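Q: Below are the sequence and a predicted model; questions follow.
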Amino acid sequence: MAKLTDAQKIDHVLRRFGLGAGKLERQKYEKLGPDKTFETLLYDDQVEEGYPVSPWEFASLPDGRLETGAYQLTGYWALRMLLTKRPLEQKLALFWHDHFAVDFEKVYELPMMHGYLEIIRTRGRAKFRDLLTELFKQGALYVYLDQHTSNRLHPNENFARELLELFTLGEGHYTEKDVLEASRALTGYSVHYLGTGLQYKYEDIRMMAAKNKMGLNNACYVPAAHDDSPKTIFGITKNWDADNLIQHLSSHPQTAKYICTKLWEYFAYPKPTANVVDRLTAVWKRTDGDIRAILKAIHGSPEFWSDQCLRQRTKSPMDYVIGLYRSFALDPAILAIRGKPKSEFEPMAKGVRDVAGGLVYLMNRQGMFLLRPPDVGGWDWGEAWINPATTVERLQLATTIFWSGGAERPLSTAMATRLKADKVATSEQLVRGLADYLDVPLQSQHVKSLVAMCDKHGGVAALDNKDRSANLFARVGRMMFAIPEFQLC
């Protein structure tokens, strides 16, 4: 393995623990050095996020009504990924969304789905036990898995099964009796319909709830629905309930192994050795399942810096789309378009809503529909993201980016302005400069053909015209995006 420079280490950290390593993103960290860069990301929840947007801006309609469907949060979250100054917070939130998969169609209401998003965002680096407890009691997760239909007379096994198989222990580490008894322990948690006892029309109740940031259906606990008789789970007989079951599962050695393996595979590479997993689970045991400590151990592992890891992980649609758009440092322009709304119920500016919806659309075209995973198991990762259809979408993104924004071609114009400020004087300098801004890995064999394409479409002179520069960037960009290594991070 070749010795890495500090710049290469910073890039690796930003690709894995951040949201991309384009030139403008990298410049924020390069003076810190690689170790301080990681520390800054690890504790980025302590800095101002730079995302003042309320989800109600997406729900608000021009006529004053509120559209409270949870689907509104897809654009809200995608925009947050684009603008945030806390990239690890969002990278980790996506991990937990995949792990604790929830579909906005099933949860349905914005307030409940937003509560779920806030927990995976703000508690993603907490102790695993606290994260799981808060997610369960918040309601979205158990509504998605029908736990709210469960009671001591008719326990529903859906949530109990996924709690054991997908959320904690992993497949094959429990019995069917454990599932049945766990479903009894979890009874009592349900939803309350806000309109009960109110003599108003449904739409009036919905609007009343929304204007108070509530849903029509809200998580609640019904003691009479809970089975408080003894249960036998994992061979232990006692009066199990949700709290002591979650406590037991969170402290289980198999849970530590399962979650540490998944975290390693998300931030490093698939199928870690037993030595790597043992190292991480020792940290879990020492810190009582502190996720931030696990991330620190991943970063500090020699394997994280090995050839097996460096630029070997297939980019997810989020890595690919959000990473590219963050390369343009769009936050000042987008926040300027949004302006300063008088209240959080003022409708989002159309231009910003279009950007947010565009990000959701582009990720969806590559196989990731935010807040709508394919099933409770989440998405398939790694090489599963790449197939003929998604490859076409990835190549076409160059055209989408550089021709978008109407007649002014804002992204092409911005890139041309930056390259001219960098005083590029030849097609090769232009190509290398563009690749640096977009974090495209160029090898010597790529440069000649890219320079020829640049020359064919006007070279440096094209930077002085918005349409010519858009055409040049789209043509060269498409060739860059076809480089196999560009699909890796």
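A: Arrived safely.

Q: how's this structure carved up into domains?
A: 6-305, 409-489 (automatic domain parsing).

Q: Mean neighbour count and distance to residue 330 for those domains - can I get that in TSV?
A: For the C-beta atoms, the positions are set from N, CA and C on the backbone; glycine is no exception. Listed next are those as TSV, based on neighbours: other CB atoms under 10 Å; distance: least, CB to CB, whole Å:
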stretch	mean neighbour count	distance to residue 330
domain 6-305	19	7
domain 409-489	18	8
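
Q: mind putting the ones you listed in CSV, mean pLDDT included?
A: Shown next, in CSV, are the domains of the chain (pLDDT from 0 to 100):
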stretch, mean pLDDT
domain 6-305, 97
domain 409-489, 97
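
Q: Adding distance to residue 385, write those out as a markdown table.
A: Putting the domains of the chain into a markdown table (distance: least, CB to CB, whole Å) gives the following:
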| stretch | distance to residue 385 |
| --- | --- |
| domain 6-305 | 12 |
| domain 409-489 | 8 |
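
Q: of all those domains, which lies closest to residue 352?
A: domain 6-305 (7.0 Å; CB to CB).

Q: Off-centre distance for that closest one?
A: For domain 6-305, the separation from the chain centroid amounts to 11 Å (computed by CA atoms, centre = their mean, to the nearest Å).

Q: Could you do stretch 313-328 as well?
A: Worked out by CA atoms, centre = their mean, stretch 313-328 lies 11 Å from the chain centre.

Q: what mean pLDDT does that stretch have?
A: The average pLDDT for stretch 313-328 rounds to 98.

Q: Okay, buried residues for it please.
A: For stretch 313-328, the neighbour count (16 or more other CB atoms under 10 Å) marks 313-328 as buried.

Q: just stretch 398-407 next, same as before
A: In stretch 398-407, counting by 16+ other CB under 10 Å, buried: 398, 399, 400, 401, 402, 403, 405.

Q: now residue 283: how far from residue 266?
A: With the distance defined as CB to CB, to the nearest Å, residue 283 ends up 16 Å from residue 266.

Q: What's the separation between the residue nearest the centre of the chain and residue 414?
A: The chain has residue 94 as the residue nearest its centroid, 2.7 Å off, counting by CA atoms, centre = their mean. According to CB to CB, residue 94 and residue 414 sit 27 Å apart.

Q: again, but for residue 430
A: Residue 430 is 15 Å from residue 414, by CB to CB.

Q: again, but for residue 166
A: Taking CB to CB, one finds residue 166 at 43 Å from residue 414.

Q: Just give me the closest of the buried residues of stretch 313-328 to residue 353.
A: residue 325 (15.4 Å).

Q: Surely that closest one is within a helix?
A: Yes. Applying DSSP: H, G, I helix; E, B strand; the rest coil, one finds residue 325 inside a helix.

Q: Please, which helix or strand holds the residue nearest to it when sequence neighbours are not counted?
A: Nearest non-adjacent residue to residue 325, counting by CB to CB, 6 or more residues apart in numbering: residue 82, 5.7 Å away. Secondary structure assignment for residue 82, by DSSP states H and E: helix 72-83.

Q: can you map out the strands along the stretch 201-350 of the chain?
A: Using DSSP state E, counting those that start in this stretch, the strands assigned to the stretch 201-350 of the chain run over residues 217-221, 231-233, 236-238.

Q: hang on, isn't residue 214 packed against residue 192?
A: No. Residue 214 lies out of contact with residue 192 (CB atoms under 8 Å); the separation is 10.4 Å.

Q: How about the contacts made by residue 378?
A: Applying CB atoms under 8 Å, 6 or more residues apart in numbering to residue 378 gives the contacts 97, 98, 99, 101.

Q: Report the secondary structure state of it.
A: coil.

Q: distance of it from residue 188?
A: Counting by CB to CB, the gap from residue 378 to residue 188 is 27 Å.

Q: now the strands of the stretch 201-350 of the chain as JSON lines including distance to residue 348?
A: Below are those laid out as JSON lines (distance: least, CB to CB, whole Å):
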{"stretch": "strand 217-221", "distance to residue 348": "25"}
{"stretch": "strand 231-233", "distance to residue 348": "47"}
{"stretch": "strand 236-238", "distance to residue 348": "51"}
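
Q: In contact with residue 427, which residues?
A: 451, 454, 455, 459, 460.

Q: what's the distance between the nearest residue to the third one once chain neighbours are set aside and residue 434?
A: In space, residue 455 comes closest to residue 427 once its chain neighbours are excluded; the distance is 5.1 Å by CB to CB, 6+ apart. Separation of residue 427 from residue 434 (CB to CB): 11 Å.

Q: Ok, residue 256 next?
A: 45 Å.

Q: got it, and residue 248?
A: From residue 248 to residue 434 the distance is 54 Å (CB to CB).

Q: any idea which helix or strand carries the residue of the chain most remote from its centre?
A: Most distant residue from the mean C-alpha position of the chain: residue 199, 41.3 Å away (CA atoms, centre = their mean). For residue 199, there is no host helix or strand (DSSP H and E).

Q: List phi and psi for it.
A: phi -100, psi 60 (degrees, to the nearest 10).

Q: just residue 443 next, same as before
A: phi -100, psi 160.

Q: Quick one: residues contacting it.
A: So residue 443 contacts residue 485 (CB under 8 Å, 6+ apart).

Q: how close does it get to residue 243?
A: Applying CB to CB to residue 443 and residue 243 gives a distance of 55 Å.

Q: same check, this time on residue 389
A: Taking CB to CB, one finds residue 389 at 45 Å from residue 243.

Q: Ok, residue 187 next?
A: From residue 187 to residue 243 the distance is 13 Å (CB to CB).

Q: likewise residue 429?
A: 62 Å.

Q: next one: residue 352
A: 42 Å.

Q: do residue 308 as well
A: Residue 308 is 41 Å from residue 243, by CB to CB.

Q: What segments of the stretch 251-400 of the chain are helices?
A: Under the criterion DSSP state H, counting those that start in this stretch, the stretch 251-400 of the chain contains helices at 253-267, 274-287, 291-300, 317-326, 331-338, 350-365, 388-403.

Q: Out of those, the one nearest residue 74 is which?
A: helix 350-365 (4.7 Å).

Q: Give the buried residues for that closest one.
A: Quick answer for helix 350-365 (16+ other CB under 10 Å): 352, 353, 355, 356, 358, 359, 360, 362, 363, 364, 365.

Q: Excluding its own residues, what touches that helix? List them.
A: 58, 74-76, 78-79, 81-82, 317-318, 321-322, 325, 330, 334, 337-338, 348, 369-370, 390, 393, 397, 400, 404.

Q: cool, and stretch 212-227?
A: Residues contacting stretch 212-227 (CB under 8 Å, 6+ apart): 56, 68, 109-112, 137-139, 142-143, 150-152, 155, 184-185, 187-195, 205-206, 209, 241.

Q: Give me the subset of these lying in helices.
A: With DSSP state H as the criterion, helices contain 56, 110-112, 137-138, 142-143, 184-185, 205-206, 209 from among the contacts of stretch 212-227.

Q: which pair in those spans the largest distance?
A: Longest span within these, CB to CB: 56 and 184, 38.7 Å.
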